[in-house]
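1. Sequence first, predicted coordinates after that:
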Amino acid sequence: MGRTMEDASIGIIGMGDMGKMYAQRLSDAGWRINACDRPENYESLKQEFASQQRVTLFPNGHLVSRLSDFILYSVEAGVIDRVVAQYGPSTKVGAIVGGQTSCKAPELAAFEKHLPSDVEIVSCHSLHGPKVNPRGQPLVLIQHRASDESLQFVDRILSCFGSKHVYLTGEMHDRITADTQAVTHAAFLSMGTAWQANKQFPWEISRWVGGIENVKINITLRIYSNKWHVYAGLAILNPAAKEQIRQYAESVTDLYKLMLGGHRDELKRRVKAAGAAVFREGQEGQDLLLKDEVLDRFSLSNRSREKSPPNSHLSLLAIVDCWSKLGIVPYDHMICSTPLFRLWLGVTEYLFRNSELLEEAIDTAIDDNTFRSDDLEFTFAARAWSDCVSFGDFESYRDRFERIASYFAPRFPEASQLGNEMMKTILEKTTNQP
Ligand SMILES: NC(=O)C1=CN([C@@H]2O[C@H](COP(=O)(O)OP(=O)(O)OC[C@H]3O[C@@H](n4cnc5c(N)ncnc54)[C@H](OP(=O)(O)O)[C@@H]3O)[C@@H](O)[C@H]2O)C=CC1
Ligand SMILES: O=C(O)C(=O)Cc1ccc(O)cc1
């Protein structure tokens, strides 16, 4: 192999949010980094990292690849094949190559197709955004075409994050993250779409103020304030995601029809059967601590509230129905959970483990018209996102995403500050899951 830990250097191709976070943390831990972004970004990146002695910027990926012992591609998922085709053949003999894209099938296929056969492949995926502290968060490692020694090499390099290393195949990774990431995002994207369609800013409306509504609002705005390609890539490129998002849209539609038709008993039976399948005895894990006292502290609204306003919670009833239809037990997915997924499971659990609240949601869905038009738009939105992902057209995904993002944009600074505090407080209590 000819590389030693002492003189090894790490290459990063793609110095966006994740690439910069990796460069910063790995160089702080003492590693030498060779990095590049697209050639037109070379000068500005060189200036940005001028004071970082251990980070050397290069104009392109050929120069990074020929020098580095472990090379990470941290580019948009949609361009991975093109970028690996371009720089892969320049990889240093005997080096190890990996990627940070959120869906592994296309990334590993690109590596197999374009990397010389004397190059090993160990890929990775940090299951959190660039502003989250990696300590304690899952970090997936994939020993795809590599010796045990090379896996240990990568393991050691990445150990400075303090993340929880999880060893999976690419296929297992994609199946699990379809649920922990893609379906979770589909639910929040649909909430934002419905609010926009109804011309609402939910924090200004009393029925959306307080408790788990704050989580829905803050996370939705957090997603729309991020880059569209992250969500598009992991949904469109993952075949398991398409199927799961379709089931979510189907569950939303079925439950909404039961609500509209006033079929209280059937709705109750279906929701409770799904709840029993998902929240089985003994699978509670630790208390997720999503209590109103905590959640109420993170409101974008300046109104106070007396009591939880009743809500049909269609988005939450549907995710449990969807999990049960697909035979998914979300607790089994904690190994690949992102912060958003844990919050999503937390609010779902909060509803389903409180039988009074669950009964109230079902009764509200049948008896109270207040949420009908919200739920109608939510149903349309869930189906439209599912279609958009199934068609696999990145540009129309981008269009939809950016149109809705621009509606909420004036509130992003405030929402992301509040969202960060909320994530921090809640995640401190939910990180160490079994
Ligand atoms: N953001 C997140 O929360 C997470 C993202 N990921 C995944 O990590 C990857 C990177 O995401 P993120 O950092 O957020 O996205 P960014 O858009 O911030 O970063 C991607 C970078 O790659 C650059 N790039 C594109 N083509 C090339 C090229 N040919 N050579 C060199 N650089 C190139 C882009 O430049 P330009 O913008 O000029 O095109 C951009 O700076 C994605 O695949 C994403 O799915 C994984 C975990 C979390
Ligand atoms: O927590 C989430 O789901 C996020 O939105 C952040 C994120 C996005 C992409 C990833 O591959 C991993 C984490």
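-> That came through, no problem. Ligands and ions are numbered 1, 2, ... in the order given.
2. Residue 27 reaches residue 33, doesn't it?
-> Yes - in this structure, residue 27 is within contact of residue 33 by Cβ atoms under 8 Å, at 5.1 Å. Glycine gets a C-beta too; all of them are placed from N, C-alpha and C.
3. which one of these two has more residues nearby?
-> Taking neighbours as other Cβ atoms under 10 Å, residue 27 and residue 33 compare with residue 33 leading, 24 against 20.
4. Isn't the more buried one up against residue 56?
-> Yes - between residue 33 and residue 56 there is a contact under Cβ under 8 Å: 6.9 Å.
5. Tell me which residue is most central in the chain.
-> residue 181 (4.2 Å; Cα atoms, centre = their mean).
6. what about the helices in the stretch 201-350 of the chain?
-> 212-224, 228-236, 239-261, 264-278, 292-295, 314-326, 339-352 (DSSP state H, counting those that start in this stretch).
7. Buried by neighbour count: which residues of stretch 360-367 qualify?
-> Neighbour-count burial for stretch 360-367 flags 360, 361, 362, 364, 365, 366 (criterion: 16 or more other Cβ atoms under 10 Å).
8. nope, stretch 184-201 is what I was after
-> 184-197, 200-201.
9. Now, the residues you listed that are in helices?
-> Residues of those located in helices (DSSP state H): 184-197.
10. So, low pLDDT: which residues of the stretch 151-300 of the chain?
-> Residue ranges of the stretch 151-300 of the chain with pLDDT under 70: 205-210, 282-300.
11. returning to that earlier point: anything in contact with each of residue 27 and residue 33?
-> 54, 55 (Cβ atoms under 8 Å, 6 or more residues apart in numbering).
12. ok, back up a step: what's the distance between the closest residue to the residue nearest to the centre of the chain other than its chain neighbours and ligand 1?
-> Ranked by Cβ to Cβ, 6 or more residues apart in numbering and with sequence neighbours excluded, the top spatial neighbour of residue 181 is residue 234, at 5.5 Å. Residue 234 sits at a distance of 6 Å from ligand 1 (criterion: Cβ to the nearest ligand atom, to the nearest Å).
13. Could you do residue 262 as well?
-> Distance, residue 262 to ligand 1, using Cβ to the nearest ligand atom: 42 Å.
14. Then residue 33?
-> For residue 33 relative to ligand 1 (Cβ to the nearest ligand atom), the value is 14 Å.
15. try residue 421
-> 18 Å.
16. Same check on residue 391?
-> Residue 391 is 20 Å from ligand 1, by Cβ to the nearest ligand atom.
17. Who are the contact partners of residue 85?
-> 110, 113, 114.
18. Give me the three-state assignment for it.
-> helix (DSSP: H, G, I helix; E, B strand; the rest coil).
19. Could you check how far the closest residue to ligand 1 within the stretch 301-434 of the chain is from ligand 2?
-> The minimum distance from the stretch 301-434 of the chain to ligand 1, using Cβ to the nearest ligand atom, falls at residue 338 (8.2 Å). Taking Cβ to the nearest ligand atom as the criterion, residue 338 is separated from ligand 2 by 3 Å.
20. doesn't residue 182 make contact with that residue?
-> No - the criterion here is Cβ under 8 Å, and residue 338 misses it with residue 182 at 10.8 Å.
21. quick one, which of the two is more surrounded?
-> residue 182 (26 against 21).
22. How many residues are close by the residue nearest to that one when sequence neighbours are not counted?
-> Leaving aside its chain neighbours, residue 182 sits nearest to residue 241 (3.6 Å; criterion: Cβ to Cβ, 6+ apart). Burial of residue 241 is recorded as 25 neighbouring residues (other Cβ under 10 Å).
23. need the contact list for residue 241.
-> By Cβ under 8 Å, 6+ apart, the neighbours of residue 241 are 103, 177, 178, 181, 182, 183, 234, 235, 389.
24. try 7 Å
-> For residue 241, the contact set (Cβ atoms under 7 Å, 6 or more residues apart in numbering) comprises 178, 182, 234, 235, 389.
25. what separates residue 61 from ligand 1, distance-wise?
-> Distance of residue 61 to ligand 1, given as Cβ to the nearest ligand atom: 5 Å.
26. The stretch 51-200 of the chain against ligand 1: which residues are in contact?
-> Within the stretch 51-200 of the chain, the positions lying close to ligand 1 (Cβ under 6 Å from any ligand atom) are 61, 74-77, 79, 83, 100-102, 126, 129-130.
27. Try it again at 5 Å.
-> 74, 75, 77, 83, 100, 101, 102, 129 (Cβ under 5 Å from any ligand atom).
28. Isn't residue 175 up against residue 239?
-> No - Residue 175 lies out of contact with residue 239 (Cβ atoms under 7 Å); the separation is 9.5 Å.
29. Spatially, what comes nearest to the residue of the chain found nearest ligand 1 if we skip its sequence neighbours?
-> Nearest residue of the chain to ligand 1: residue 16, at 1.7 Å (Cβ to the nearest ligand atom). Spatial nearest neighbour of residue 16, excluding adjacent residues (Cβ to Cβ, 6+ apart): residue 74 at 6.7 Å.
30. Now do the same for that neighbour: its pLDDT.
-> pLDDT for residue 74: 98.
31. Check the gap between it and residue 87 for me.
-> Remark: distance between residue 74 and residue 87 (Cβ to Cβ, to the nearest Å) = 13 Å.
32. what is in contact with those two at once?
-> Joint contacts of residue 74 and residue 87 (Cβ under 7 Å, 6+ apart) are residue 13.
33. need the contacts of residue 241 in JSON lines with distance to residue 48, can you?
-> Listed next are the contacts of residue 241 as JSON lines, based on distance: Cβ to Cβ, whole Å:
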{"residue": "178", "distance to residue 48": "35"}
{"residue": "182", "distance to residue 48": "32"}
{"residue": "234", "distance to residue 48": "27"}
{"residue": "235", "distance to residue 48": "31"}
{"residue": "389", "distance to residue 48": "35"}
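34. filter the residues you listed to the buried ones?
-> Taking 16+ other Cβ under 10 Å as the criterion, what is buried in the contacts of residue 241 is 178, 182, 234, 235, 389.
35. the strands in the stretch 51-200 of the chain, which residues?
-> With strands called from DSSP state E, counting those that start in this stretch, the stretch 51-200 of the chain shows them at 55-57, 70-73, 96-99, 120-126, 138-145, 164-167.
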